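Based on what follows, work out the 3D shape:
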Amino acid sequence: MSYELPIGARLRKSPFFAETVKEGVRGFTSYNHMLMPVNYGDPIGEYWRLIDGVSMWDVSVERQVQITGPDASKLTQILVPRDVEKIRIGQGRYTPLSDNQGRLLNDPVLLKLDRDRYWLSLADSDIWLWARGVAYGFGLDVAIEEPDVSPLALQGPKSFDVAAHVFGDWVRDLAFFAFHETVIGDIPVVVARSGWSHQGGYEIYLKDGSRGGELWNIFREAGAPHDIGPGAPNTVERTESALLSFGTDTHPDSNVFEVGLEQFVNLDMEADFVGKKALRKIRDEGPRRRRAGLFLDGVQLPTAEDHWPVLFEGRKVGVCTIAVWSLRLERNIAIALIDNDAPEGAALTVVTPHGERDAEETGLPFCKPGRP
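Numbers count the residues shown, from 1 in each chain. Prediction:
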C-alpha cells in the first residue's frame with residue numbers, strides 16, 4: 001500500500017532535494033524534521049546496485065550537533081561513553097548515548113574535528129536539546145548548534161574507485177570512521193570512511209548547503225563509468241547486516257546491552273559520563289532482553305510495517321522489530337528483541353498479519369558483505 005507525505009515548510013528539504021527529484025525519487029519519510037528519500041521506484045535494482053556496485057544517497061537527515069567552546073571536550077565526555085582524550089583529531093567513533101537510567105537515547109557517530117570542536121552525527125531524535133540541557137545543568141561554557149552540514153553517502157564496493165577519482169588515491173587509505181576536512185574545487189567538505197551499510201563506502205559532509213546540486217553531479221559524473229545510481233539506506237541490506245536502526249530496533253527503555261552495543265561503551269575508564277552508574281548495574285545484573293536473528297518459515301512475507309509479536313509456549317516474549325525477505329538468502333529473516341526467560345534455541349512463533357510462522361533463532365549478522 002502506498003501513502004502520501006505532504007511536503008511543507010515544517011519538513012525541511014535537503015541541499016540535494018532537487019537532484020533527487022530529477023533522479024525520479026518515489027518516496028520520502030520524515031527524519032530529524034527533514035524529508036528523507038527512501039526509494040526511486042526499483043527496490044530490487046537499488047539493492048543489487050548497493051551489493052555489487054555503487055549507490056549514492058541523500059542522507060542530509062543525519063544532522064550534526066556541533067559542540068564548540070572552552071568546555072567542549074568536557075561536555076562531550078559527559079555525553080559519550082568513550083574516552084574523548086584518546087580520540088585523535090580526524091577520528092570518528094560510534095558512540096551510543098544513554099540517559100541517567102541507562103536508557104538508549106541515540107547512537108551517533110562522534111567526529112573530533114579539533115580539541116574544542118565536535119560533531120555528533122545523529123540518528124532520528126532531538127539530541128541537541130539533551131546536549132543543551134546537560135550543558136546548562138553542569139554550567140559549561142559551550143555553544144551547541146546545528147551547523148550547515150549535509151552528508152551525501154557513497155556506498156557499495158565500487159564507491160572506493162569513485163571517491164578516489166574525485167579526491168585522489170589517498171582516500172582509499174582512510175581507516176573506518178576516520179575523516180579528513182578538504183575541498184572539491186572550492187566546495188568545502190569532510191570526507192569520512194563510514195555509512196549505514198556493510199558494503200563499504202564514504203559519507204561526504206557538505207559544509208555549504210548552497211552547493212548541493214554541484215556536489216551531487218560531481219559524484220554522478222565520476223561514478224558514471226561504474227553505473228552509479230541513486231538509492232537510500234536499504235532496509236533489506238541493513239537487516240541482513242544486522243545494523244541497528246534506532247527507534248525501529250529499540251524500545252524507549254532499551255539499553256546498550258540488550259541491543260548489542262556494549263562493545264562501544266567503556267565502563268572501566270576513569271572519566272564519568274551520563275548513565276555510567278546505571279549501565280554498570282545493568283551489566284552486573286544482566287539485561288532482561290537480547291537482540292536475536294530469526295529465520296521465519298514459509299513463503300515470502302512483505303516487509304514488516306509494525307512490530308510482530310514473538311511467542312514462546314503461547315505467551316508473548318518479544319517482538320520482531322523488522323522482518324524482510326532476504327534477497328541473498330532467499331528466505332524470510334527478522335531481527336527481534338526477546339526476553340531472556342525464553343531460552344536461546346527454543347521453538348518460537350511469530351504472529352504476522354499473514355498468519356503465524358514458526359521461527360528459528362540464529363546469530364547476527366545474517367550475511368557478510370557482498371554476494372553469498
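
contacts and neighbour counts: CA atoms only from here.
Will do.

Any stretches of the stretch 51-200 of the chain with poor pLDDT?
Of all residues in the stretch 51-200 of the chain, none has pLDDT under 70.

Please enumerate the strands of it.
Assigned by DSSP state E, counting those that start in this stretch, the stretch 51-200 of the chain shows strands spanning 55-58, 64-68, 92-94, 97-98, 104-106, 109-114, 117-121, 143-145, 150-155, 179-184, 187-192.

same question, the stretch 251-372 of the chain
289-296, 308-312, 315-326, 331-339, 348-352, 355-362.

In JSON lines: these, plus mean neighbour count, mean pLDDT and distance to residue 202.
Shown next, in JSON lines, are the strands of the stretch 251-372 of the chain (neighbours: other CA atoms under 10 Å; pLDDT from 0 to 100; distance: least, CA to CA, whole Å):
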{"stretch": "strand 289-296", "mean neighbour count": "22", "mean pLDDT": "98", "distance to residue 202": "27"}
{"stretch": "strand 308-312", "mean neighbour count": "21", "mean pLDDT": "98", "distance to residue 202": "33"}
{"stretch": "strand 315-326", "mean neighbour count": "21", "mean pLDDT": "98", "distance to residue 202": "24"}
{"stretch": "strand 331-339", "mean neighbour count": "24", "mean pLDDT": "98", "distance to residue 202": "26"}
{"stretch": "strand 348-352", "mean neighbour count": "21", "mean pLDDT": "98", "distance to residue 202": "36"}
{"stretch": "strand 355-362", "mean neighbour count": "16", "mean pLDDT": "98", "distance to residue 202": "30"}
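
so which of those gets nearest residue 79?
For residue 79, the closest of the strands of the stretch 251-372 of the chain is strand 289-296, at 24.5 Å, according to CA to CA.

So in that sheet, which strands flank the closest one, and in what orientation?
strand 331-339 (antiparallel), strand 355-362 (antiparallel) (DSSP bridges).

Kindly present the ones you listed as JSON lines, with separate columns for distance to residue 61.
Converted to JSON lines, the strands paired with strand 289-296 look like this (distance: least, CA to CA, whole Å):
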{"stretch": "strand 331-339", "distance to residue 61": "24"}
{"stretch": "strand 355-362", "distance to residue 61": "32"}
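
among the ones you listed, which is nearest residue 254?
Comparing the strands paired with strand 289-296 by CA to CA, strand 331-339 comes nearest, at 9.6 Å.

Only C-alpha atoms, please: export the closest one in PDB.
Output in PDB follows, covering the C-alpha atoms of strand 331-339 (Å, rounded to 0.1, in the frame of the first residue of the first chain):
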ATOM      1  CA  ARG A 331      14.200 -16.600   2.900                       C
ATOM      2  CA  ASN A 332      12.300 -14.600   5.500                       C
ATOM      3  CA  ILE A 333      14.600 -13.100   8.100                       C
ATOM      4  CA  ALA A 334      13.900 -10.900  11.100                       C
ATOM      5  CA  ILE A 335      15.600  -9.100  14.000                       C
ATOM      6  CA  ALA A 336      13.900  -9.400  17.300                       C
ATOM      7  CA  LEU A 337      14.100  -8.300  20.900                       C
ATOM      8  CA  ILE A 338      13.400 -11.400  23.100                       C
ATOM      9  CA  ASP A 339      13.000 -11.700  26.800                       C
END
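
quick check: angle from it to strand 315-326?
150 degrees (axes from the mean of the first three to the mean of the last three CA atoms, to 10 degrees).

Quick one: distance of strand 331-339 to the chain centre.
For strand 331-339, the separation from the chain centroid amounts to 19 Å (computed by CA atoms, centre = their mean, to the nearest Å).

who's in contact with the residue nearest the centre of the chain?
Closest residue to the average C-alpha location of the chain: residue 196 at 5.0 Å, with CA atoms, centre = their mean. Going by CA atoms under 8 Å, 6 or more residues apart in numbering, residue 196 touches 233, 238, 243.

helix/strand/coil for residue 218?
helix (DSSP: H, G, I helix; E, B strand; the rest coil).

which residues does the residue nearest to it when sequence neighbours are not counted contact?
Take residue 218 and drop its neighbours on the chain: the residue closest to it by CA to CA, 6 or more residues apart in numbering is residue 166, 7.9 Å away. Shown in contact with residue 166 (CA under 8 Å, 6+ apart): 184, 218, 219, 222.

Mind putting those residues into a markdown table with neighbour count and distance to residue 46?
As requested, the contacts of residue 166 are arranged in a markdown table below (neighbours: other CA atoms under 10 Å; distance: CA to CA, whole Å):
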| residue | neighbour count | distance to residue 46 |
| --- | --- | --- |
| 184 | 12 | 27 |
| 218 | 12 | 20 |
| 219 | 20 | 17 |
| 222 | 17 | 19 |
